[in-house]
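Engineer: here is a sequence together with a model predicted from it:
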Amino acid sequence: MATITGAVTSSHVPAIGGAIAKGLQQDPYFNPFFAGFPPVHAWLAKAKPDVAVVFYNDHGLNFFLDKLPTFAIGAAPEYRNADEGWGIPTMRPFRGDPELSWHLIDRLVADEFDMTMCQEMLVDHALTLPMALLWPGGGECPVRIVPIAMNHVQHPLPSLSRSYRLGQAVGRALDAWDEDVRVVVLGTGGLSHQLDGQRAGFINKAFDLMCMEAIVDDPERLTRYSMPDLVREAGAQGTELMTWLAARGALTGRVSKVHSNYHIPISNTAAASMVLENEVSVEANA
Ligand SMILES: [Fe+2]
């Protein structure tokens, strides 16, 4: 069966891509965020994943308001990035894992998650930037990917509870995958932020820190926030927390926090990263 090694969560604001392109990782503005990643790299070197299942939200590159699936999964041999207008370099294509994708699709639909299946799929900064943070240098990415896009653009959004249950279903499907592969699960976005409207610039540090604590040992607590409550507490775009909860849901063993980093602000957002390890010998979520 597949081994779920753990989850890595990270912010994905486009400014991070600009900083990478300009080599500003040591810049005083950006360094407190980038300084959170050497421990992530050390953990990845031990975890040795072959595949990354990436929960993220497309911002209009592959899906737009005319056709916007609540949950979509890639089943392509390759995923390309494209210019989104942020002025950041387009990243090289990522290798897919169609066999694993179709296994996940079979299991998820059987589990009553009616996924949109994408045999072609562009991936935007919400996927590419966390990948560049986890595996820096610009070379070929050492892991294959299975992207899972979650609607964060047009209401009604999937609830935090539904997002967490999706992650749990992915975890069950990975446990049932008979290939001997090591998997890391990623959740990208957040934390609290609002980009426009009367509360533009809104950040809620106390709420973010509560979320980063609860997601380790008590993720069900977070699933009880409705979307209006979450928008009030975390800002309109803080709803990206859904991807963190999905990633947490996919951890089927005993979960412990290896590392976390939190910094305000990066481009008007509370920027954070975490590593959660999944001890697979214990079926904590069974
Ligand atoms: Fe975003």
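Structural biologist: Yep, that arrived.
Engineer: what degree of burial does residue 224 show, as a neighbour count?
Structural biologist: Neighbours of residue 224 under the rule other C-beta atoms under 10 Å: 10. Every C-beta, even on glycine, is put in place using the N, C-alpha and C of the backbone.
Engineer: got it, and residue 99?
Structural biologist: 13.
Engineer: give the contact list for the residue sitting nearest the centre point of the chain.
Structural biologist: With distances taken as C-alpha atoms, centre = their mean, residue 187 lies nearest the centre of the chain, 1.8 Å away. Residues counted as contacts of residue 187 (C-beta atoms under 8 Å, 6 or more residues apart in numbering) are 7, 8, 9, 10, 55, 56, 243, 244, 245, 246, 247, 248.
Engineer: rerun that using 7 Å as the cut-off
Structural biologist: 7, 9, 55, 243, 244, 246, 247 (C-beta atoms under 7 Å, 6 or more residues apart in numbering).
Engineer: and the fourth one, backbone torsions?
Structural biologist: Spelled out, that is residue 243. phi -70, psi -30 (degrees, to the nearest 10).
Engineer: isn't it right up against residue 54?
Structural biologist: No. The pair residue 243 / residue 54 is not scored as a contact, 8.7 Å apart, by C-beta atoms under 7 Å.
Engineer: now do the shared contacts for these two.
Structural biologist: residue 188.
Engineer: any idea what the residue nearest to the centre of the chain is bridged to?
Structural biologist: residue 9, residue 55 (DSSP bridges).
Engineer: any idea how far it is from residue 198?
Structural biologist: 28 Å (C-beta to C-beta, to the nearest Å).
Engineer: with residue 128 instead?
Structural biologist: Residue 128 is 31 Å from residue 198, by C-beta to C-beta.
Engineer: quick one: which of these two has more around it?
Structural biologist: More crowded of residue 128 and residue 198, by other C-beta under 10 Å: residue 128, with 28 against 6.
Engineer: quick one: the strands in the stretch 151-286 of the chain, in order.
Structural biologist: Taking DSSP state E, counting those that start in this stretch as the criterion, the stretch 151-286 of the chain carries its strands at 182-188, 254-266, 269-279.
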